[in-house]
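# here is a sequence together with a model predicted from it:
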Amino acid sequence: MRILSLVLIAIASIALPAAPAMAQLKVQVVGEEYVPMRIAIPEFGAAGPGAVEIARDLGDVLRADLSSSTAFSLIDKASFIERNLDIALPPTFGDWSVAGIEAQALVVGKVLVTQSANTTSLTVQFRLYDVYGQSQLVASEYTVPTPLNWRRLAHKVADDVYSRLTGDTGYFDSRIAFVSKTPGEEGFRGRLAIMDQDGANAEFLLSGFSAVMNPRFSPTRQLILYGAYVPHPVYPQATLLRTYLYDIGTGRQEILAENPGSMEYSARFSPDGNSIAFSRVVNGNADIYVIDLARGSSSERRLTRDSSVDTSPSFSPDGSKIVFESDRGAGQQLYIMNENGEPMTCPSGAREAACRITFEDGARFGDPVWSPRGDWIAFSVQRRGQFAIGVIEPSGRGFRILTDGYQDESPSWSPNGRVIVFQRTASKGAGPKLYSVDLTARNTRRVPTPRDATNPTWGPLLK
Amino acid sequence: MPACRSTRTKPVAFAKEADRRGMRPGPPPSSASSLPAAFFSLIAHASVVLAGLIMIPAATSEIESTPMVYIPIELVSIAESTNVAPVFEEAEVSEVPVEAESEAAPAPAAAAATPDPEDTVALDPPKPEAPKAQPKPAAKPTPAPPSKSLSSELDDILASVSKDTPAPKRSNPNADPASAGTGPPRIGVGDLKRMTASVTDYIRAQLISNKCWTDHSDMADARRLKATFRVWFGRNGKFSQPYQMVSPTREPAGDVPLMTFVAHARRALDMCNKIGWRVPEDYFKLPQPQYIDIEFLPKIATQ
């Protein structure tokens, strides 16, 4: 035994000091602070009649798109060393990484206007470079049959740049529908309107004013659901809430729901755009239903059977779950349930019809909207005397307030799930405006609208 | 008989107790027949105690990172330039050691043959220091202090790292580093850990404070995003060879968020490499291979 001990000690005496010599150096680096990526966009080259003006305007829209996102910080053109870049030649990377410029990404482009017998086409070529990596990341070209579409081309280029540098799909080539309000108008009266996500090209979708509420864009097509109060067919003094399906492309609309004995509202599309979830109030009790648009009312399914008010359903991106607001527990809180109505296992381990995900006493949560990415649920919340916009993970973790104002409400996600557009009333008596905020609570900015605006809904990327 | 019984009972009881404690004494001295065994046992126990005296300090030094007995003498050679002297401070300055290194490169080959790395935690001999000191002794006495223009954050870290480093003996600051010791510098167990920590802290601090690596928590599915790159530093403050992606093991072409995250990590390395790394001297004293695996994470992944 003693000999064995001696042998072990001898082995240990050799092994112990030698062990650390094999230690590997490993550094774990956690990003402490968010810093936008520095991007340089010099003037695009131009060739053809009118190309110089288009190149200038297109560049301005491209810069405005990228600088409006939290992801990028635009570098002042005045500081550029290398100018008049030729898209056919690689840039001098050293000129873009020097102190004072320190561009991480560089966009070089060219606009070509080509005239043939009867047509004038517009082509945009661009290259995206990684300055420090000294490599080309993207080289692409778009052509449209008319120069009038230069603005969309700018958005397309912005989406490509954004997508390549952030890993998310872009959102610049998309539109926002909303209810346009004339200052002084009361109640729900307003006009359904639509505009580019940057506020350009605003136009009304419906002629004349009506009591429009809760427009919801289809996530897959240029369709909008909305509710409108119309005169009751039996009692002309009263009104009835109708749900319409409006086709932006054709201007046609159809009535989805109109029931004298009930009221359907708060309808929202499923992720595939083929069905909708909505609330129906019968005898003062609101429950959630789902209906397949193709099969009509025969496919209707009731998902909640509770004596409380269950409303504002929103599908998860995979369509398997629905988040909604309900006052079934303590106050108005957010819950998640299975799309098929089956009980589910909650984080507490209990099997219940729906799992509660918000728990702030005294707060009233509403307008839940599941992110297209699936990782967050946006909501509005009334707390401490104010209305705020916040997000929470579907698991109930990560609760955070993004904006806090006198009255912030009606959040809607950008197609990539990174930005939220919402309605803000800055103070009592002020008109409602549209604002956007990044998922990280940075970059709250006004979305310009011709008039006051409410109920924004962000549409899918255009095709 | 009772007295006799009592005298025999006590040693037996003591022996049993001693057995339990593992330190059983020798047999009673009255037993003449067991004298050789007692002598042998004494020798054996003495060996055990001696081995213990040698081993326990070594083991303790590893756990508590206390300086080992032979460190002060061996570290004298480091006194000239301190363990954390920034090699790269300004672009113009960095060119000098590069030239010195390249010109003197053949010379240290002979010196490299002298150390015997087998029985110690051997270091590469500090090649650039010896040749640098010999041909240009006049330049040595004025070691440049850290530039005032460098970021205060980095300087703070530098100061803290320097503070952690045991102060080298300055009894003979002008001594030729090459002649300070007869053999290669040795690193004690605790010192290796301390040096490793100082190097990694320093590299991490540069990636953060230079804003080469920033937070990407807002990327889709950010909690799972992670990328590791292997880097090698040269004395000129640049990578001495192209970095390698360790994790993921290949380009995540079908995974756009991860692909973008990896691109961000690459950009961070390129950016800091463009700025220039301030590599602690400790890095070049570490055992081969002198590379560092840098794991990039978004903040949300650690929450």
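All right, it came through fine.
# in chain B, what residue is nearest chain A?
Of all residues in chain B, B:T260 sits closest to chain A, at 2.8 Å by CB to the nearest CB. The way it works is simple: take the backbone N, C-alpha and C, and place the C-beta from them, glycine included.
# and for that residue, the neighbour number?
21 (other CB atoms under 10 Å in any protein chain shown).
# ok but it is inside a helix, no?
Yes - in this structure, B:T260 lies within a helix as judged by DSSP: H, G, I helix; E, B strand; the rest coil.
# can I get the CA coordinates of stretch A:139-146 in PDB?
Taking Å, rounded to 0.1, in the frame of the first residue of the first chain, the C-alpha atoms of stretch A:139-146 are listed here in PDB:
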ATOM      1  CA  ALA A 139     -23.800  42.500 -57.100                       C
ATOM      2  CA  SER A 140     -27.200  42.900 -58.600                       C
ATOM      3  CA  GLU A 141     -29.300  44.600 -61.200                       C
ATOM      4  CA  TYR A 142     -32.900  45.500 -61.600                       C
ATOM      5  CA  THR A 143     -34.800  46.700 -64.700                       C
ATOM      6  CA  VAL A 144     -38.200  48.200 -64.900                       C
ATOM      7  CA  PRO A 145     -40.100  49.200 -68.100                       C
ATOM      8  CA  THR A 146     -40.600  52.800 -66.900                       C
END
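# how far away from the center of its chain is it?
26 Å (CA atoms, centre = their mean, to the nearest Å).
# which residues touch it?
A:119-128, A:150, A:152-153, A:156-157, A:160 (CB atoms under 8 Å, 6 or more residues apart in numbering or on different chains).
# let's see that with 10 Å instead.
For stretch A:139-146, contacts defined as CB atoms under 10 Å, 6 or more residues apart in numbering or on different chains pick out A:87, A:108-110, A:112, A:114, A:119-129, A:149-150, A:152-154, A:156-157, A:160-161, A:164.
# element containing the closest residue to chain B within the stretch 251-400 of chain A?
Closest contact between the stretch 251-400 of chain A and chain B, by CB to the nearest CB, is at A:R373 (5.1 Å). Secondary structure from DSSP states H and E places A:R373 outside every helix and strand.
# contact partners for the closest residue to it other than its chain neighbours?
Spatial nearest neighbour of A:R373, chain neighbours left out: A:G417 (3.4 Å); criterion: CB to CB, 6 or more residues apart in numbering or on different chains. Neighbour list for A:G417: A:168-169, A:171, A:317, A:370-376, A:378, A:439, B:220 [criterion: CB under 10 Å, 6+ apart].
# same thing but at 6 Å, please
A:G417 is in contact with A:371-373, counting by CB atoms under 6 Å, 6 or more residues apart in numbering or on different chains.
# that one belongs to a strand, doesn't it?
No - counting by three-state DSSP, A:G417 is not part of a strand but coil.
# just the CA atoms of the strand ranked longest in chain B, as CSV, please.
Longest strand in chain B by number of residues (criterion: DSSP state E): strand B:239-247. Below are the C-alpha coordinates for strand B:239-247, written out as CSV (Å, rounded to 0.1, in the frame of the first residue of the first chain):
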residue,chain,number,x,y,z
PHE,B,239,-2.6,38.6,-37.5
SER,B,240,0.5,36.6,-38.3
GLN,B,241,-1.6,34.3,-40.5
PRO,B,242,-5.2,34.3,-41.7
TYR,B,243,-7.7,33.5,-39.0
GLN,B,244,-9.6,30.2,-39.2
MET,B,245,-13.3,29.6,-38.4
VAL,B,246,-13.5,26.9,-35.8
SER,B,247,-17.2,27.0,-35.1
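# pull out the buried positions in it.
By neighbour count on 16 or more other CB atoms under 10 Å in any protein chain shown, the buried set for strand B:239-247 is B:239, B:243, B:245.
# the second one is in contact with B:V231, isn't it?
What it means is B:Y243. Yes - taking contacts as CB atoms under 6 Å, B:Y243 lies within contact range of B:V231: 4.6 Å.
# just list whatever residues bridge to A:I255.
In this entry, A:I255 is beta-bridged to A:Y244, by DSSP bridges.
# any idea of the pLDDT on it?
Reading off the confidence values, A:I255 has pLDDT 88.
# what do you get for B:K299?
88.
# cool, and B:V246?
95.
# spatially central residue for chain A, please.
With distances taken as CA atoms, centre = their mean, the residue of chain A nearest its centroid is A:S414 (1.5 Å).
# mind listing what that residue touches?
Taking CB under 6 Å, 6+ apart as the test, what A:S414 contacts is A:171, A:458.
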